[in-house]
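Enquirer: Turn this into a structure:
(one chain, ligands or ions: 2)
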Amino acid sequence: MPPVDATSQTQAFDAADGVVAALGPGQRVQVLLPLPLAGAFDYRLPVDIACEIGAFVTVPLGARQVSGVIWGPSTDAALDEAKIKDVIALLPIPPLPAANRAFVDWVSGYYLSPPGAVLRMAMSAPGALAPPRVRIAYTAAETAPEIKMTGARRRVIAAAQDGFARSAGELAEAAGVSASVVKKLAELGGLATVQIPDEARFAPPDPAAETPRLSSAQTEAATILRGLVAARRFDAALLDGVTGAGKTEVYYEAIAEALAEGRQVLVLVPEIALSVQWLDRFERRFGAAPAEWHSDLTQGARRRTWRAVAEGKARIVVGARSALHLPFPDLGLIVVDEEHESAFKQDDGVHYHARDMAVVRARLAECPVILVSATPSLETVVNAQEGKYKSVHLPERHAGAELPAVQIVDVTKDKPGRQQWLSPTLRRALEETLEAGDQAMLFLNRRGYAPLTLCRTCGHRLNCPNCAAWLVEHRFTKRLQCHHCGYNARMPAACPECGDEESFAACGPGVERLYEEAAAFLPEARIELVTSDTIHSPADAAAFVARMAEGETDLVIGTQIVAKGYHFPNLTLVGVVDADLGLKGGDLRAAERSYQLLHQVGGRAGRAGKPGLVILQTAEPDAPVFQALAQHDRDGFLEAEIAARRAFAFPPVGRLAGIIVSSVDEAAADHAAKALARAAPHADGVAVLGPAPAPLSLLRGRFRRRLLLKTRKSVRIQKVIADWFGRVDLSGKVRLELDIDPYSFM
Ligand code: ADP
Ligand code: ZN
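Expert: Numbers count the residues shown, from 1 in each chain. Ligands and ions are numbered 1, 2, ... in the order given. So this is what the prediction gives:
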């Protein structure tokens with residue numbers, strides 16, 4: 001967890017918050033551009049432009065015009081006046097709030113990324129900076145037109161009588177006709193044509209639309225959280241409690257408080273595409289849908305939402321990590337749901353952790369942040385233990401629902417058949433569950449049919465041409481895929497090495513193979529495969545949820561996308577096919593992540609009065625993580641994990657930074673990695689491990705070498721790195737990636 005003391009970076013902006021921030025014509029200013037360049041550039045305000053710090057402007061950059069943000073008055077007096085160009089225009093949008101600007105600087109300083117690269121995330125809706133577009137809409141005409149009336153035309157006119165201006169499509173839908181009928185009618189004067197701004201209309205949420213009756217433990221928790229919001233200053237709280245304890249219900253109370261005070265709220269969720277049930281529930285509770293923010297939004301929705309946030313019209317935003325960079329003028333609360341999820345870590349572009357940065361963002365906005373999880377990350381647990389975060393705990397499932405029993409099956413004794421993966425015990429439990437009319441779920445975190453395909457004749461393995469990785473067979477689409485770079489090819493007819501035909505053998509199971517096995521021994525069952533190959537959109541996810549709710553699916557076989565958040569009342573059995581999978585590879589968080597994931601998956605079972613059962617298939621039945629799951633001993637597990645991290649000074653006890661050197665030229669990558677190692681810092685509490693080939697030693701055609709910097713927590717790792725990199729001159733063929741607080745070690 002980064003230090004949340006942001007004072008040093010924000011000092012420069014203290015003066016920017018008041019009236020003194022006004023900048024007048026002729027003045028020289030620094031403009032930060034959303035480009036991964038060094039820093040802000042100097043420009044001059046022309047005679048007709050006065051503005052404040054944070055204003056959005058366009059400026060010339062070479063032959064281009066680029067939009068950016070006024071970052072402050074110019075500081076470089078020595079700069080040649082003649083070389084300074086004029087700002088071209090001031091954009092008609094509220095200035096980027098001071099807290100956002102401070103956040104850009106903070107993220108840039110902490111992750112050692114150019115501020116422009118960070119600003120780019122805050123300006124990820126380019127069209128939003130232009131004046132809102134107008135669109136054509138139709139309403140009823142003032143006077144009844146003298147034209148031939150058909151049934152369809154009458155319906156359109158009737159639908160338009162309510163006075164709302166609608167697009168041709170909307171009006172056609174309301175009248176049950178085609179859009180061409182509407183357009184023709186308007187042409188003939190049967191409808192009035194108006195221009196309306198193309199703005200998002202977010203209905204204001206009602207904090208009291210449907211208030212739940214909370215249990216006494218829930219009330220106590222909600223009171224604390226409401227208090228944090230009402231205090232209008234920074235604070236951080238961990239809200240934890242088993243799945244089904246009512247955490248969501250409780251943090252909704254904190255949201256209600258912020259909304260009642262007229263402020264804005266940001267809720268970060270790990271995967272919004274999978275949050276259908278969450279969105280429905282939110283709408284019931286608050287009587288209106290939240291604004292959504294994620295990478296799948298259309299350009300238009302992005303533009304409208306960004307602007308609605310900037311103008312304070314979108315009161316609540318639920319989004320993926322990128323929503324942290326939205327320009328909220330009046331943020332009153334941030335919630336990070338499932339705070340332990342690794343989806344909050346971004347591993348391309350600027351490497352940052354949205355959970356950690358949510359805490360920083362809240363501090364800069366002077367509002368509280370609530371981190372929510374049934375299985376909080378060690379980082380958060382330690383912060384709570386040290387008193388940096390408040391602990392708010394819900395002790396049990398709502399309405400006396402029992403936690404599912406966890407049964408460990410030792411697959412070395414309770415053996416599945418040859419080329420099969422379900423043990424006799426798990427098969428029996430599946431049969432009994434389906435016979436009782438209940439639903440079951442099999443979990444295996446592996447897409448495709450088999451993780452490895454090899455030639456029986458010569459032993460050749462099908463590898464990705466761009467990566468040091470096996471190709472995964474996807475039998476349903478008859479293709480081979482690389483899950484690292486997306487390489488995709490037809491399954492070859494013959495072995496590319498020895499030319500033998502029909503010699504391929506699939507090794508190990510993926511969900512498709514499991515489907516085959518389950519379908520063979522449960523011929524009556526309606527089985528559904530749920531992976532990122534079958535769920536492409538929120539609509540797909542909603543359809544899956546509906547099939548489960550309607551009882552049209554008996555057995556779900558899925559990857560981690562079925563593990564999270566869903567609530568299916570009749571799902572009583574969860575089988576984890578290979579509980580050991582997450583422990584392989586063994587990075588420092590393997591046990592922690594396994595615990596979190598398996599607890600989440602198990603939490604899907606038996607949520608509505610019916611008792612649930614979780615079966616974990618493992619070859620290591622005594623592993624502490626499985627024992628802790630079986631005994632519901634989360635705190636014991638956490639203590640043991642923290643002790644282990646302490647013993648090796650691993651995070652959250654110490655600090656790490658990953659350094660990846662890559663090049664299409666293997667020798668250049670090696671050379672650069674060695675040069676970095678030779679220049680490595682020597683100091684108390686600082687150690688450099690490596691270089692070594694990365695576990696993914698070839699990725700997308702680039703050879704990769706890794707170094708790992710490990711420091712005591714008190715060391716300012718950014719300074720160590722900046723000094724270190726400053727001593728090394730790398731060739732242009734080499735790319736250097738820096739990952740502060742890394743989660744992936746691949
Ligand atoms: P968590 O977020 O801790 O997993 P939820 O808030 O999703 O728990 O609650 C689990 C289930 O129990 C949900 O269906 C929720 O609507 C219900 N529930 C929780 N608290 C209450 C309450 N006070 N009154 C009615 N239903 C509740
Ligand atoms: Zn690949």
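Enquirer: where do the strands sit along the stretch 1-150 of the chain?
Expert: With strands called from DSSP state E, counting those that start in this stretch, the stretch 1-150 of the chain shows them at 22-23, 28-32, 41-44, 51-52, 56-61, 64-73, 85-86, 89-90, 134-140.
Enquirer: could those be laid out in CSV, adding mean pLDDT and distance to ligand 2?
Expert: All C-beta atoms are positioned from the backbone trio N, CA, C, and that covers glycine. What follows is the strands of the stretch 1-150 of the chain, written out as CSV (pLDDT from 0 to 100; distance: least, C-beta to the ion, whole Å):
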stretch, mean pLDDT, distance to ligand 2
strand 22-23, 80, 50
strand 28-32, 95, 36
strand 41-44, 93, 39
strand 51-52, 90, 48
strand 56-61, 96, 36
strand 64-73, 94, 35
strand 85-86, 94, 44
strand 89-90, 94, 45
strand 134-140, 85, 43
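Enquirer: winner for burial among the ones you listed?
Expert: strand 28-32 (a mean of 22; mean count of other C-beta atoms under 10 Å).
Enquirer: just checking, what packs against that strand?
Expert: Applying 3 or more C-beta pairs under 8 Å, 6 or more residues apart in numbering; DSSP states H and E, one finds that strand 28-32 contacts strand 41-44, strand 64-73, helix 115-122.
Enquirer: The residue of the stretch 501-650 of the chain found nearest ligand 1 - how many residues pack around it?
Expert: Closest contact between the stretch 501-650 of the chain and ligand 1, by C-beta to the nearest ligand atom, is at His567 (5.5 Å). The number of residues packed near His567 is 18, by other C-beta atoms under 10 Å.
Enquirer: my guess is it contacts Asp280, does it?
Expert: No. Contact criterion C-beta atoms under 8 Å: His567 and Asp280 do not qualify, at 10.8 Å.
Enquirer: Quick one: the strands of the stretch 1-150 of the chain as a markdown table, columns for distance to Val734 too.
Expert: Output for these, formatted as a markdown table (distance: least, C-beta to C-beta, whole Å):
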| stretch | distance to Val734 |
| --- | --- |
| strand 22-23 | 41 |
| strand 28-32 | 28 |
| strand 41-44 | 27 |
| strand 51-52 | 42 |
| strand 56-61 | 27 |
| strand 64-73 | 28 |
| strand 85-86 | 34 |
| strand 89-90 | 40 |
| strand 134-140 | 49 |
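Enquirer: Columns distance to ligand 1 on top of those, output as TSV?
Expert: Shown next, in TSV, are the strands of the stretch 1-150 of the chain (distance: least, C-beta to the nearest ligand atom, whole Å):
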stretch	distance to ligand 1
strand 22-23	47
strand 28-32	39
strand 41-44	47
strand 51-52	42
strand 56-61	39
strand 64-73	38
strand 85-86	54
strand 89-90	45
strand 134-140	39
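Enquirer: Nearest to Ala649, out of the ones you listed?
Expert: strand 28-32 (37.2 Å; C-beta to C-beta).
Enquirer: Pairing partners for the closest one, with directions?
Expert: Strand 28-32 has the following strand partners under DSSP bridges: strand 41-44 (antiparallel), strand 64-73 (antiparallel).
Enquirer: need those in CSV with distance to Lys85, can you?
Expert: Output for the strands paired with strand 28-32, formatted as CSV (distance: least, C-beta to C-beta, whole Å):
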stretch, distance to Lys85
strand 41-44, 6
strand 64-73, 11
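Enquirer: need the residues of this structure near ligand 1, please.
Expert: Contacts of the chain with ligand 1, taken as C-beta under 6 Å from any ligand atom, map to 212-215, 218, 241, 243-249, 398, 567.
Enquirer: low-scoring pLDDT stretches of the chain, where are they?
Expert: Applying pLDDT under 70 to the chain flags residues 1-21, 607-608.
Enquirer: What residues does it have near ligand 2?
Expert: Cys464, Asn466, Cys467, Cys482, His484, Cys485, Tyr487 (C-beta under 5 Å from the ion).
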